[in-house]
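Chemist: model this:
(one chain, ligands or ions: 1)
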Amino acid sequence: MTTENNKSAKISQLEQHMVDGNDQRLTTRQGVRVNDTNNSLKSGTRGSSLLEDFILREKITSFDHERIPERIVHARGSGAHGYFELKESIEQFSKAGIFTDTKRRTPVFVRFSTVAGSKGSTDLARDVRGFAVKFYTQEGTWDLVGNNMPIFFIQDAMKFPDLVHSVKPEPNKEIPQAASAHDTFYDFVSLATETLHNHIWVMSDRAIPRSLRMMEGFGIHTFRLINEEGVSHFVKFHWKPLLGVHSITWDEAVKISGADSDFHRKDLWDAIEAGEFPQWELGVQIIPEADEHKYDFDLLDPTKLIPEEMVPVKIIGKMTLNRNPENFFAETEQVAFLPGNIVPGIDFTNDPLLQGRLFSYRDTQLSRLGSPNFHQIPINQPLVNAHNNQRDGHMQMNIPKGQTAYFPNTLGGGCPYLSQISEGGFSSYEERIDAKKIRTRSKSFSDHFSQPALFYRSLSKWEQDHIADAYSFELGKCTHNHIKERMLWLIEQIDDELAQTVSKNIGLVIPKNIDQPINQAIGADSNVDDFQPGPKINYLEKSPALSQANTKFESIATRQIAVLVADGFSSRDFNKMKAALSKGKAIVKLIAPTGGVVTSDSNDEHEVNAAISTTESVLYDAVYIPGGEASIKKLLRHSKYIKFINEALKHCKAIAIDNEAGQLLEQTYGKDFKNDPAVLINGDPQKFISAIAKHRNWERMEKATHIPV
Ligand code: HDD
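Modeler: Okay, the predicted model is just below:
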């Protein structure tokens, strides 16, 4: 949907580069009209093709070079345009226009991604999700390149290639794709214990979101905000989705990967096309410089979060995604995010992971996009004009005027000229440094167990159960017992009961000790013993904000409701339910024995959204079955409907049936769940709606796990 009213200044800028073949003649790239694009030029009708054929050569050459290297990480992604609006100025902390001017609508481009898989891999991998936001501000471009988890695996960028090499497909056999459940990853994780916090988040439901629209985002690092007076405060950035944070089960993830591996991409695209624009609130945790050393963890350590109960998240604005890209390659593939893109009022800290990122992202674009002029690609262009003396390079698109390309100069009138700080000139925060140059790590980074334990303690029972299942699955896929045993020992440092459960599930005993010291990566000359993680400490019993059980359960908008029907279904039942669901903006999908149309008992025809053979239960949020003797008789003939309902039950989804549909429910495990508050028999549509809004009835999980589908 490309309506005029969701056109930002960035979209208008992009439009200047758009090419529309509509109503145009086919030409070569030089504009020469073409009269045959199906046959090459030959020496005779059955003769060889001629080198002279410039039309053939141009077409094939262009095709041969269509691909660019995929991102080394975050290759699989989906993007969207939108805007950010500030609700409340925080000028006392930052002088950035985006944080002081509540009248602005700052255009943004957002790219969500998985990390480990290739460009064509499944959306439903158990993985961290990238959450990268490019703000096209009036003072230049700011990129907040975060994830959907508030912490990272490692503390120093030096270890990033090792982390990525361990999780990517193993180099000898290029297996497995988009999966962390393999030996090399756990070999690394078990040796580098700083990974355990991010790792337990990956074992949690956060790693298998229901939708990209239903996940949080985090800037992760501690950044700085700088105000007009040059005073610095530390800050952590949070994105909070208005739809709440919701996830699916691992069983669904595995099945969706087969049924529709573009599930998240399609979900985002469809919601935006339908005008159901995803929204996130932007929150900040602000810490005065004086409090830098007040906490039991180091603010510069990216494997630590600041619990919201210790420093509240202040909501300051909202982001809305309201427009899909015109072209995947030109926009979503070519967009280049750089954590180093900041604007006056925002600055970096000495977080050693962030510092390495400041180098890596520009560097990677040089091989990915092929030239230092990648900022001239339309999606990467700032909204404000850029003038400097940087010149030439592959694919220079601009024509810089004048005799001079250096500074200072007199021949060019001294232009382009500098800006005073008062005129918006960037100046780095003048942090006082008085230290030795040293290759080591701060001892304040050595606590590796307290926060994974805090996260685990903060979760509900069903979330904890999912974590135990995930560890058991992932370690179950590893083949080396010594790696699995080390992992069991480490999990025990997080939580004893959790380790016991996983140990039972994978059939190995938790070792009393581990043979090899951990964290040897500190440096050959340093004392390894100095860098062993200490036992966990408890500075906060629970952080309720970390549990998805405490998220928003308010809306059924965009939820996909499968309505199982065949000819003769009750129009009375259907119309009543459909009216209620549509009012809540849920999306009703009719699933019938075949495609085409399906006719109700009052002879009205409805378009079928999917034939039962082409779709799967895991693609929907809830199931409704209207009555109608003839319809139910037909549904009973297809075993796939039974499987469909049983799977919905197993995945703790809301199910509603009316009248004769009871006969179908009797043939499923539904007969054992009649007292379940999310299994509604001839129920009030409003009860069905509130069951869908709750996302899942996780209380059902323990019993439903035994449903054999
Ligand atoms: Fe990174 C891409 C997020 C640490 C090196 N990273 C990339 C993307 C996201 C993140 C969301 C995809 C951007 C897009 O959609 O184009 N990365 C993170 C976060 C990190 C992090 C939240 C830690 C807090 N990354 C990190 C380190 C390094 C990199 C420590 C290297 C030292 N990341 C890269 C990269 C990528 C990238 C290789 C691949 C493609 C790209 O940059 O543009 O440079």
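Chemist: For the residue nearest to Arg129 when sequence neighbours are not counted, give me its contacts.
Modeler: Of all residues not flanking Arg129 in the chain, Asn148 sits nearest, at 4.1 Å (CB to CB, 6 or more residues apart in numbering). For glycine as for every other residue, the C-beta is placed from the backbone atoms N, C-alpha and C. Listed by CB atoms under 8 Å, 6 or more residues apart in numbering, the contact set of Asn148 reads 128-131, 206, 209, 215-218.
Chemist: so which of those residues would you say is closest to Ile514?
Modeler: Val128 (26.2 Å; CB to CB).
Chemist: sorry, back to before: from the contacts of Asn148, list the ones also adjacent to the ligand.
Modeler: Restricting these to those near the ligand by CB under 6 Å from any ligand atom leaves Gly130.
Chemist: so of the contacts of Asn148, which ones are in strands?
Modeler: 129-131, 217-218 (DSSP state E).
Chemist: Switch those residues over to TSV; also include neighbour count and pLDDT.
Modeler: Converted to TSV, the ones in strands among the contacts of Asn148 look like this (neighbours: other CB atoms under 10 Å; pLDDT from 0 to 100):
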residue	neighbour count	pLDDT
Arg129	25	98
Gly130	22	98
Phe131	24	99
Gly217	27	98
Phe218	20	98
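Chemist: got TSV for these, with distance to Ala648 too?
Modeler: As requested, these are exported to TSV (distance: CB to CB, whole Å):
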residue	distance to Ala648
Arg129	25
Gly130	30
Phe131	29
Gly217	30
Phe218	32
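Chemist: of these, closest to Tyr295?
Modeler: Nearest member of the ones in strands among the contacts of Asn148 to Tyr295, counting by CB to CB, is Phe218, at 17.3 Å.
Chemist: What's the separation between the closest one and Gln355?
Modeler: Remark: distance between Phe218 and Gln355 (CB to CB, to the nearest Å) = 18 Å.
Chemist: what ranges do the strands span in the stretch 101-250 of the chain?
Modeler: 105-114, 129-137, 140-147, 217-218, 223-226, 232-241 (DSSP state E, counting those that start in this stretch).
Chemist: what's the closest of those strands to Ile379?
Modeler: strand 105-114 (6.4 Å).
Chemist: for that closest one, the distance to its chain's centre please.
Modeler: 11 Å (CA atoms, centre = their mean, to the nearest Å).
Chemist: Name the strands paired with that strand and say parallel or antiparallel.
Modeler: According to DSSP bridges, strand 105-114 forms sheet pairs with strand 77-86 (antiparallel), strand 129-137 (antiparallel).
Chemist: Give me the domain ranges for the chain.
Modeler: 77-188+207-380, 452-549, 553-704 (automatic domain parsing).
Chemist: so what's the residue in the stretch 551-700 of the chain that the ligand sits nearest to up against?
Modeler: Per CB to the nearest ligand atom, Thr551 is where the stretch 551-700 of the chain lies closest to the ligand, at 21.3 Å. Contact analysis of Thr551 by CB under 8 Å, 6+ apart lists 244-246.
Chemist: So which of the strands paired with strand 105-114 has the densest surroundings on average?
Modeler: strand 129-137 (a mean of 24; mean count of other CB atoms under 10 Å).
Chemist: what's the burial count for Arg213?
Modeler: Using other CB atoms under 10 Å, Arg213 has 26 neighbouring residues.
Chemist: leaving aside the residues next to it on the chain, what's closest to it?
Modeler: Arg213 sits nearest to Pro278 (CB to CB, 6+ apart), 3.9 Å away.
Chemist: Thr320 is in contact with the one you found, correct?
Modeler: Yes - contact criterion CB atoms under 8 Å: Pro278 and Thr320 qualify, at 7.5 Å.
Chemist: May I see the buried residues of stretch 440-459?
Modeler: 441, 445-459 (16 or more other CB atoms under 10 Å).
Chemist: ugh, wrong one, stretch 642-654
Modeler: Buried, per 16+ other CB under 10 Å, within stretch 642-654: 642, 644-654.
Chemist: between Pro278 and Thr320, which one's more packed in?
Modeler: Shown here are Pro278 and Thr320; by other CB under 10 Å, Pro278 has more neighbours (23 against 19).
Chemist: which residues sit in contact with the residue sitting nearest the centre point of the chain?
Modeler: Centre of the chain computed as the mean C-alpha position; nearest residue by CA atoms, centre = their mean is Arg129, 3.3 Å away. By CB under 8 Å, 6+ apart, the contact set of Arg129 is 112-115, 147-148, 209, 212, 215.
Chemist: Right, I'll call it a day here.
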